[in-house]
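# Here is my input, please return the structure:
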Amino acid sequence: MADVRTRRPVTAHDKVRIGSITKVFVATVVLQLVAEGRVGLETPVRSVLPALLPARFTPVTVAHLLNHTSGLPDHVGVPEPKTAEEVLRHRFDRWTPREWVATATYGPLKFTPGSRQEYRGINYVLAALLIDELTGRPYGKAVEARILSPLGLAHTACPAGQGTRANSELTAPARCGGGAPGPSDHSTSPGPGDGGLPPSHRR
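Numbering: from 1, shown residues only. Below is the predicted model of the structure:
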């Protein structure tokens, strides 16, 4: 249902967040930048974002982020709700993309980059930050200019105030805009670029 208070059902005119499908948009923009020669798939992420990752993470490349083979450590110092009450308590916790990345920089890499695959939202938070750095504007703006507008996806957008939390989901009705990388806000989940475009299915 669209509204739990009124029990109004979902209609074709409602907008929803598309969650992790946002990663497809982020990956597309990164690959466009690769095709334009602005970054390479084998480029170390740290060479583009040196202030975010420690030197021991130098082996992590752009390709490793996109295919979830980076081996980045687990997050440290973030809530891990185990009950409904704890989820409720932390549902509005906010993290900026850079704060979220910082929680995954403690300790060594979990495995040699490229040797294993582990699905991690942090990979796409970093990918969104790469877009920010390489294009000189918020990743949501790049997604809008390079994908949404050319394809006429008028009902798909990035939420206003992006960058105030860690998640990056595309969402509507607000158009992509402001703030640091990240299509969307999130609670104690992954950061920007990792799950937030909220479109309706209409073009």
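# Which stretches in the chain count as helices?
Using DSSP state H, the helices found in the chain span residues 22-35, 45-48, 62-66, 84-90, 97-102, 121-135, 139-143.
# Would you mind listing where this protein has pLDDT under the threshold?
For the chain, the stretches flagged by pLDDT under 70 are 159-203.
# can you pull the contacts of Tyr119?
His68 (CB atoms under 8 Å, 6 or more residues apart in numbering). (Each C-beta comes from the backbone N, C-alpha and C, glycine too.)
# how near is it to Leu134?
24 Å (CB to CB, to the nearest Å).
# Quick check: Ala63 touching Glu42?
Yes. With contacts counted by CB atoms under 8 Å, Ala63 reaches Glu42, the gap being 6.4 Å.
# Ignoring the adjacent residues along the chain, who's closest to Leu31?
Leu66 (7.8 Å; CB to CB, 6 or more residues apart in numbering).
# Please report the distance of the one you found from Pro79.
Leu66 is 28 Å from Pro79, by CB to CB.
# Looking at these two, which is more packed in?
Comparing Leu66 with Pro79 by other CB atoms under 10 Å, the one with more neighbours is Leu66, at 19 against 13.
# okay if I get the helices of the chain as a markdown table plus distance to Val16?
Shown next, in a markdown table, are the helices of the chain (distance: least, CB to CB, whole Å):
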| stretch | distance to Val16 |
| --- | --- |
| helix 22-35 | 12 |
| helix 45-48 | 31 |
| helix 62-66 | 25 |
| helix 84-90 | 20 |
| helix 97-102 | 22 |
| helix 121-135 | 19 |
| helix 139-143 | 17 |
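# Let me know which of the ones you listed is tucked in deepest.
For the helices of the chain, the largest average neighbour count (mean count of other CB atoms under 10 Å) is found in helix 139-143, namely a mean of 29.
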